[in-house]
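1. build me a model:
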Amino acid sequence: MLIYDLVVIGGGPAGLAAAYEAWQNGVKSILIVERDKELGGILNQCIHNGFGLHYFKEQLTGPEYAGRFIHMLRETGVEVKLDTMVLQVTPDRQVHAVNATDGYLVIQAEAIVLAMGCRERTRGAISIPGDRPSGVFTAGTAQRYVNMEGYMVGRRIVILGSGDIGLIMARRMTLEGAQVLACIELMPYSGGLTRNIVQCLDDFNIPLYLSHTITRIEGEGRVERVVVSKVDNKRLPIPGSEMVFDCDTVLLSVGLIPENELSKEAGVHLDPRTNGPMVFENMETSVPGIFACGNVVHVHDLVDFVTGEAERAGRNAANYIRKISCAEEDEPEIQVIRGSHVTYTVPQKLRTGNIGKTLDIFFRVDNTYEDVTVKVMSGSKELHSRKRRYVVPGEMERLTVPKERLLSAEENAITVLIE
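-> A predicted model of the protein is given here:
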């Protein structure tokens with residue numbers, strides 16, 4: 001059995017930042033376990049720029065951003081096992097893994113950071129009717145084929161969903177010489193960042209059809225055409241609204257799901273809204289000593305925010321290992337409740353003793369709104385509020401709340417809402 005103070009599962013941006021921050025906070029026995037053949041995670045296939053503006057104060061590509069942290073880790077004693085698949089994490093912080101070199105591994109950790117990222121929803125998850133030809137890809141799979149493997153996935157493309165990966169692939173495929181016929185979105189608003197809509201669709205005259213969906217895929221052997229229908233306010237296709245696009249490829253950008261099979265095995269409580277672990281203010285899960293960060297907790301817009309969250313997880317994992325805690329053992333937990341027009345919050349629970357001067361609460365909204373007020377309430381008492389010019393579901397919101405306001409809560413629950 002191998003023994004480490006800290007095991008980080010996942011060598012993407014979250015895992016790299018968590019491990020580096022834990023090392024900087026005094027933990028010298030750290031292992032990163034990564035299933036791919038190299039560190040960096042999804043960033044390795046994101047060759048476009050726009051990364052690092054918040055954290056490094058400059059524009060970087062995905063590989064450049066990952067390379068910065070990989071270089072920083074090389075200056076430490078953090079150990080890495082690549083091409084290693086984690087099979088199980090137990091509640092007593094044992095990690096079971098396997099690789100071709102070491103065989104079956106059992107690793108005992110004092111603390112664990114879960115940083116497994118997320119996966120894409122597939123055609124099977126959304127049940128598009130029609131034939132079953134080749135030429136249907138998730139947007140992330142197509143991105144890897146084009147950017148890393150050097151394969152062109154198609155020439156005439158329809159994209160279902162307006163998530164950020166789908167929008168970025170609309171631009172990428174156009175630059176590679178393909179014709180992107182349309183981006184189809186079920187909801188009445190886009191699921192991606194506004195800057196990606198402008199830079200990836202508007203700048204290339206690619207139409208975005210809101211409140212539409214693909215109702216049939218047709219083709220023998222390879223995709224030949226798709227039928228697109230408008231949907232009503234119940235998201236049901238409207239008869240007679242069909243459009244037909246002759247295409248050879250369909251890219252799906254229909255949502256991301258946090259990778260939490262290992263979290264379930266460890267007994268970690270999941271939030272049904274995010275499909276990720278429920279976490280405290282210090283990114284600790286419901287299982288003591290197991291922390292989580294990044295897209296395994298909730299899907300982020302920007303890798304810079306993943307890094308900040310991962311640093312918090314790594315720092316607090318180090319505090320746990322060193323038995324440093326500012327919270328009293330019997331300190332009551334404060335539940336964070338999602339109020340009107342809020343779909344989820346992170347964290348979901350608070351212990352005020354572990355909070356510094358302020359607490360960042362991340363959340364998303366259920367629709368597009370203008371000139372709103374974000375409020376934090378405790379019963380009928382308003383603890384904090386901030387105005388926003390507009391909020392959209394495709395962009396994660398952050399509200400910074402002073403600790404003194406949280407200490408004045410009248411009950412063991414606060415509510416985040418939009419007015």
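
2. going by C-alpha atoms from here, please, whenever you check contacts or count neighbours.
-> OK.

3. wait, is residue 67 part of a helix?
-> Yes. Assigned with DSSP: H, G, I helix; E, B strand; the rest coil, residue 67 falls within a helix.

4. check which helix or strand covers the residue most central in space within the chain.
-> For the chain, the residue nearest the mean C-alpha position is residue 299 (2.3 Å; CA atoms, centre = their mean). In the assignment (DSSP states H and E), residue 299 maps to no helix and no strand.

5. torsion angles phi and psi at it?
-> phi -80, psi 120 (degrees, to the nearest 10).

6. and for residue 401?
-> Torsion angles, degrees, to the nearest 10, at residue 401: phi -110, psi 130.

7. just to revisit the earlier point, okay, the residue nearest to the centre of the chain and residue 140: tell me how far apart.
-> Here residue 299 is placed at a distance of 14 Å from residue 140 (CA to CA, to the nearest Å).

8. hmm, back to that, how near is the residue nearest to the centre of the chain to residue 55?
-> Taking CA to CA, one finds residue 299 at 18 Å from residue 55.

9. what's the answer for residue 166, then?
-> 24 Å.

10. residue 244 now?
-> Taking CA to CA, one finds residue 244 at 44 Å from residue 55.

11. what's the mean pLDDT across stretch 246-264?
-> Stretch 246-264 carries an average pLDDT of 96.

12. so where do the helices sit in the stretch 151-300 of the chain?
-> 164-175, 194-196, 261-265 (DSSP state H, counting those that start in this stretch).

13. circling back to that earlier point, how much space separates the residue nearest to the centre of the chain from residue 306?
-> When distance is defined by CA to CA, residue 299 is 9 Å away from residue 306.

14. also residue 162?
-> For residue 162 relative to residue 306 (CA to CA), the value is 21 Å.

15. out of the two, which sits in the busier spot?
-> Between residue 162 and residue 306, residue 162 has the larger neighbour count (other CA atoms under 10 Å), namely 31 against 23.

16. is the more buried one in contact with residue 191, as I believe?
-> Yes. In this structure residue 162 lies within contact range of residue 191 using CA atoms under 8 Å: 5.3 Å.

17. what touches both of these two?
-> Residues touching both residue 162 and residue 191 (CA atoms under 8 Å, 6 or more residues apart in numbering): there are none.

18. neighbours of residue 221, how many?
-> So residue 221, with other CA under 10 Å, has 11 neighbours.

19. quick one, domains of this protein?
-> Listed by automatic domain parsing, the domain ranges of the chain are 1-120+256-325, 122-254, 330-419.

20. helices along the stretch 1-150 of the chain, start to end?
-> Using DSSP H, counting those that start in this stretch, helices in the stretch 1-150 of the chain cover 13-24, 62-74, 123-126, 139-144.

21. can you add mean neighbour count and give those helices back as a markdown table?
-> Below are the helices of the stretch 1-150 of the chain laid out as a markdown table (neighbours: other CA atoms under 10 Å):
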| stretch | mean neighbour count |
| --- | --- |
| helix 13-24 | 27 |
| helix 62-74 | 18 |
| helix 123-126 | 11 |
| helix 139-144 | 22 |
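
22. least reliable of those helices by average pLDDT, please.
-> Looking at the helices of the stretch 1-150 of the chain, the bottom one is helix 123-126 with a mean of 89.

23. name the residues that touch that one?
-> Residues contacting helix 123-126 (CA under 8 Å, 6+ apart): residue 252.

24. how close does the residue of the chain most remote from its centre sit to residue 369?
-> The centre of the chain is farthest from one residue, residue 240, which by CA atoms, centre = their mean lies 37.3 Å away. Using CA to CA, residue 240 is found at 31 Å from residue 369.

25. who are the packing partners of the strand or helix carrying residue 385?
-> Using DSSP H and E, the element containing residue 385 is strand 381-391. Strand 381-391 makes packing contacts with strand 369-378, strand 397-402, helix 403-407 when contacts are defined by 3 or more CA pairs under 8 Å, 6 or more residues apart in numbering; DSSP states H and E.

26. can I get the ones you listed in CSV including mean pLDDT?
-> Formatted as CSV, those follow (pLDDT from 0 to 100):
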stretch, mean pLDDT
strand 369-378, 95
strand 397-402, 95
helix 403-407, 92
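
27. which one of these lies closest to residue 122?
-> strand 397-402 (26.8 Å; CA to CA).

28. now that closest one against strand 369-378, angle please.
-> With axes from the mean of the first three to the mean of the last three CA atoms, to 10 degrees as the basis, strand 397-402 and strand 369-378 are set at 40 degrees to each other.

29. helices or strands next to strand 397-402 in the packing?
-> Counting by 3+ CA pairs under 8 Å, 6+ apart, strand 397-402 packs on strand 358-365, strand 381-391.

30. return the most buried member of those.
-> Across the helices and strands packed on strand 397-402, averaging neighbours per residue (mean count of other CA atoms under 10 Å) puts strand 358-365 on top, at a mean of 19.

31. each with direction, which strands does that strand pair with?
-> strand 342-346 (antiparallel), strand 397-402 (antiparallel) (DSSP bridges).

32. what residue ranges in this structure are flagged as low confidence?
-> Residues of the chain meeting the criterion pLDDT under 70: 326-330.

33. just give me the longest helix of the chain.
-> helix 303-321 (DSSP state H).

34. for it, buried residues please.
-> 303-321 (16 or more other CA atoms under 10 Å).
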